[in-house]
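1. structure of the sequence below:
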Amino acid sequence: MRITNLKIENFKRFTDLSINQIPESAKLVLLIGSNGSGKSSVFDAFDWLKKDLYSIEKGADGKDYYQKEVGAEPVVKISFSDGNTIKKD
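-> Now for the predicted structure:
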């Protein structure tokens, strides 16, 4: 099972990020960008998917570590080559 699509909304530095059509035959996928461009945020999205939302502590500003803005709930959706999808919002 391989990831074919990734969608991230209102998550850390991303308002709306889509990575589509990752070839199933790809043996290596690289994320390349300058410092501060959000490479680590993509991997943080995977980590966020496996954590329970209610265990994340809110900061003084009322938002959690992963949330881009107060009131804008983060969404992460991953599609796999076998047709399954994982979505957390």
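2. what lies in contact with stretch 28-46?
-> Leu6, Ile8, Phe11, Lys12, Arg13, Phe14, Leu17, Ile19, Ile22, Tyr66, Val76, Ile78 (Cβ atoms under 8 Å, 6 or more residues apart in numbering). Glycine gets a C-beta too; all of them are placed from N, C-alpha and C.
3. and the two most separated of those residues?
-> Ile22 and Tyr66 (22.6 Å; Cβ to Cβ).
4. what about these two, which has more around it?
-> Tyr66 (18 against 15; other Cβ atoms under 10 Å).
5. can you tell me what sits against the biggest strand by length in the chain?
-> For the chain, the strand with the greatest residue count under DSSP state E is strand 3-11. The list of residues contacting strand 3-11 from outside it, by Cβ under 8 Å, 6+ apart, reads 14-22, 24, 41-42, 44-45, 48, 66-69, 72-81.
6. going through the residues you listed, which ones are buried?
-> Neighbour counting by 16 or more other Cβ atoms under 10 Å classes 14, 17, 41-42, 44-45, 48, 66-68, 74, 76-79 among the contacts of strand 3-11 as buried.
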